[in-house]
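J.: here is my input; please provide its structure:
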Amino acid sequence: MTDQPTAADLSADIKRVFEAQRANQWNAKASDAAARKAKLTKLKNAVEAHADDIVAAVLKDTRKPEAEIRTTEVMGVIGNIQLNIDNLEEWMQPTSVEPSKGGNDTAMIVPEARGVCLILGPWNFPLGLTFGPVAAAIAAGNTCMVKLTDLCPNVAKIAKAIVEEVFEENECAVFEGDVSVAEALLELPFNHIFFTGSPRVGKIVMAAAAKHLSTVTLELGGKSPVIIDHGTEIAPVAAALAGAKQFNGGQACICPDYVFVPEDKQDELVEGFRENVQKNLYGSGELDKSSIAQIVNERNFSRVKGLVDDAVAKGANIAVGGQMDEDDLTIHPTMLTNVTPQMKVMQDEIFAPVLPVMTYDTLDQVIDYIEARDKPLALYMFSSSEENMDKVLKRTSSGGTTLNGVFSHYLENRLPFGGVNGSGMGSYHGVWGFREFSHHRSVYKHKAA
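T.: Purely as a prediction, here's the structure:
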């Protein structure tokens, strides 16, 4: 049995790699599109080659359905990398600007690498939401140090193996370990830090970045509302919400967190949600636990149970579901009605297959409620009224919005994805990721005398 490295050993290794990347950052910055594409192609090929290993690692760390794992942690990663490869020459081109003084002077905006970047990944999509930023960072000509969550140690191990297969450590390196490793990394003067996780930890990351004036991208979360407008057909909405809450067991930062529905449509929504949950998950009469992810750990299971217990104690009704299997951390899809703003379930992000419902009379009531709270990462509205959709867009703010559907603004790689204020800052996906990991340098050139 080998001795485990001490905290001092880990800290020294982290600093050694950081210095190596800091020395190499200028070579990475000066690299051309062909060199960067070659690295990205090697990364894509390695992910493809280790697809089964990735699936096995995620299954060990979580209990996600295999189809979800292959979609989000393999195919999504491959597609993201390929998007960078296909467009990199175009993205790297300087943008010409017509000088206001005219003459023979020239001006342009040049995208250039930020330098040495730190990427801190989450547990809900441990590889997809880590390798996506890694691909963008490499495409933009950066070096990067990467830390996956300690809640997914098997995924961290395969991620480290893939990165070591593709990159030299002065280009990209993965570090395993607990929160002390992340703390040691955050002590260093990175040029840019990219963090995906909770607002609570996001504040810690931003405070650490401030010590070195590092720029940051924070991909956080929040309570994402759903508005069901008057006159909307309920059946497709109920199906969309049931599917969204089944996906990763509701543990997605863009998952609908609560619903506003006209009072006369609430019973129909509840019944439609129940029917879809039964059809999707209870075909044999019992919950098919291979079709829904478990809650990530006991702490989060207890947290969600506490939210539901508090709501029920304060008068909420469990209209659908409510079963919680502590032995395997399973929460059955649950819908709550008779919910009030004073309940904790309406104050904290749920991050589980639990959906509170509140009724309303006028759209202005809904808008006033949303305006009075932190800006969410996502906002969803189902409506056939262009006027009402436009009113909600003008009167509210969110990181992104999907109208008459869920998740679509995230899935469209030509759109920027990110939060605003409490739900995050900065954005990525496609060209937006390249831009996020780039400094946009102004260059003005006088004609030589």
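
J.: contacts and neighbour counts: CA atoms only from here.
T.: Fine.

J.: wait, what's in contact with residue 191?
T.: Contacts were defined as Cα atoms under 8 Å, 6 or more residues apart in numbering; by that measure residue 191 touches 114-117, 214-215.

J.: and if you look at residue 79?
T.: So residue 79 contacts nothing (Cα under 8 Å, 6+ apart).

J.: quick check: phi and psi on it?
T.: phi -60, psi -40 (degrees, to the nearest 10).

J.: in three-state terms, label residue 223 for me.
T.: Residue 223 carries the three-state label coil when classified by DSSP: H, G, I helix; E, B strand; the rest coil.

J.: measure how buried it is and give me the count.
T.: Neighbour count of residue 223, defined by other Cα atoms under 10 Å: 27.

J.: state the pLDDT value of it.
T.: Looking at residue 223, its pLDDT reads 96.

J.: next: residue 6.
T.: pLDDT, residue 6: 67.

J.: re the thing from before, I'd like the contacts of residue 191 laid out as CSV, including secondary structure.
T.: Output for the contacts of residue 191, formatted as CSV (three-state DSSP):
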residue, secondary structure
114, coil
115, coil
116, strand
117, strand
214, coil
215, strand
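
J.: list buried residues within those.
T.: 114-117, 214-215 (16 or more other Cα atoms under 10 Å).

J.: out of the residues you listed, who's nearest residue 198?
T.: Here the nearest of those to residue 198, counting by Cα to Cα, is residue 215; it sits at 18.2 Å.

J.: beta partners for the residue lying closest to the closest one once chain neighbours are set aside?
T.: Spatially, and ignoring its direct neighbours in sequence, residue 215 is nearest to residue 192 (4.8 Å; Cα to Cα, 6 or more residues apart in numbering). Note on residue 192: beta-bridge partners residue 117, residue 215, judged by DSSP bridges.

J.: shift numbering so it begins at 22
T.: Sure, I'll start numbering at 22, so the last one becomes residue 213.

J.: tell me, how many residues neighbour residue 213?
T.: 25.

J.: right, and residue 453 touches residue 447 too?
T.: No: between residue 453 and residue 447 there is no contact under Cα atoms under 8 Å: 9.1 Å.

J.: hang on, residue 463 packs against residue 130?
T.: Yes: counting by Cα under 8 Å, residue 463 touches residue 130, with 4.8 Å between them.

J.: can you list the weak-confidence ranges in the stretch 22-171 of the chain?
T.: Residues of the stretch 22-171 of the chain that meet the criterion pLDDT under 70 lie in 22-28.

J.: ranges for the helices of the stretch 122-271 of the chain?
T.: 149-160, 174-187, 200-207, 220-233, 255-267 (DSSP state H, counting those that start in this stretch).

J.: give the other helices and strands that the first one contacts.
T.: Same thing as helix 149-160. helix 54-70, helix 97-113, strand 137-141, strand 164-168, helix 452-457 (3 or more Cα pairs under 8 Å, 6 or more residues apart in numbering; DSSP states H and E).

J.: distance to residue 31 added to the ones you listed, as a markdown table?
T.: As requested, the helices and strands packed on helix 149-160 are arranged in a markdown table below (distance: least, Cα to Cα, whole Å):
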| stretch | distance to residue 31 |
| --- | --- |
| helix 54-70 | 26 |
| helix 97-113 | 29 |
| strand 137-141 | 16 |
| strand 164-168 | 13 |
| helix 452-457 | 29 |
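
J.: any weak-confidence spans in the stretch 272-421 of the chain?
T.: Using pLDDT under 70, nothing in the stretch 272-421 of the chain is flagged.

J.: at 90 instead, please
T.: By pLDDT under 90, the weakly predicted segments of the stretch 272-421 of the chain are 304-306.

J.: just to revisit the earlier point, for residue 42, state which of the contacts of residue 212 is nearest.
T.: residue 137 (6.5 Å).

J.: closest one of the contacts of residue 212 to residue 203?
T.: Using Cα to Cα, the contacts of residue 212 come closest to residue 203 at residue 138, 13.4 Å.

J.: so that closest one makes contact with residue 214?
T.: Yes: Residue 138 is in contact with residue 214 according to Cα under 8 Å; the separation is 5.7 Å.

J.: what separates residue 114 from residue 450, distance-wise?
T.: Noted for residue 114: a distance of 18 Å to residue 450, by Cα to Cα, to the nearest Å.

J.: same deal with residue 63?
T.: Residue 63 is 20 Å from residue 450, by Cα to Cα.

J.: the two - which one has more neighbours?
T.: Ranked by neighbour count (other Cα under 10 Å), residue 63 and residue 450 place residue 450 first, with 24 against 16.

J.: do you know how far the more buried one is from residue 359?
T.: The value you get for residue 450 to residue 359, if Cα to Cα is used, is 38 Å.

J.: likewise residue 32?
T.: 52 Å.

J.: now swap in residue 408 and tell me
T.: In terms of Cα to Cα, residue 408 sits 29 Å off from residue 359.

J.: between these two, which one's more packed in?
T.: It is residue 359, of residue 408 and residue 359, that has more neighbours when counted by other Cα under 10 Å, with 16 against 9.

J.: dump the residue contacts of the closest residue to that one other than its chain neighbours.
T.: Here the nearest residue to residue 359 in space, its sequence neighbours aside, is residue 337; by Cα to Cα, 6+ apart that works out to 4.8 Å. Taking Cα under 8 Å, 6+ apart, we find residue 337 in contact with 357-361.

J.: redo the residues you listed as CSV? Include distance to residue 52.
T.: As requested, those are exported to CSV (distance: Cα to Cα, whole Å):
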residue, distance to residue 52
357, 55
358, 57
359, 59
360, 56
361, 56
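
J.: from those, which land in strands?
T.: 357-358 (DSSP state E).

J.: show me this structure divided up by domain.
T.: Per automatic domain parsing, the structural domains of the chain span 28-241+444-466, 246-432.

J.: between the ones you listed, which gets nearest to residue 438?
T.: Using Cα to Cα, the domains of the chain put domain 28-241+444-466 closest to residue 438, at 5.0 Å.

J.: can you lay out the contacts of residue 212 as TSV showing distance to residue 226?
T.: Listed next are these as TSV, based on distance: Cα to Cα, whole Å:
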residue	distance to residue 226
135	18
136	18
137	16
138	13
235	10
236	11
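
J.: now, among those, which is nearest to residue 394?
T.: Of the contacts of residue 212, the one sitting nearest to residue 394 (Cα to Cα) turns out to be residue 236, at 26.2 Å.
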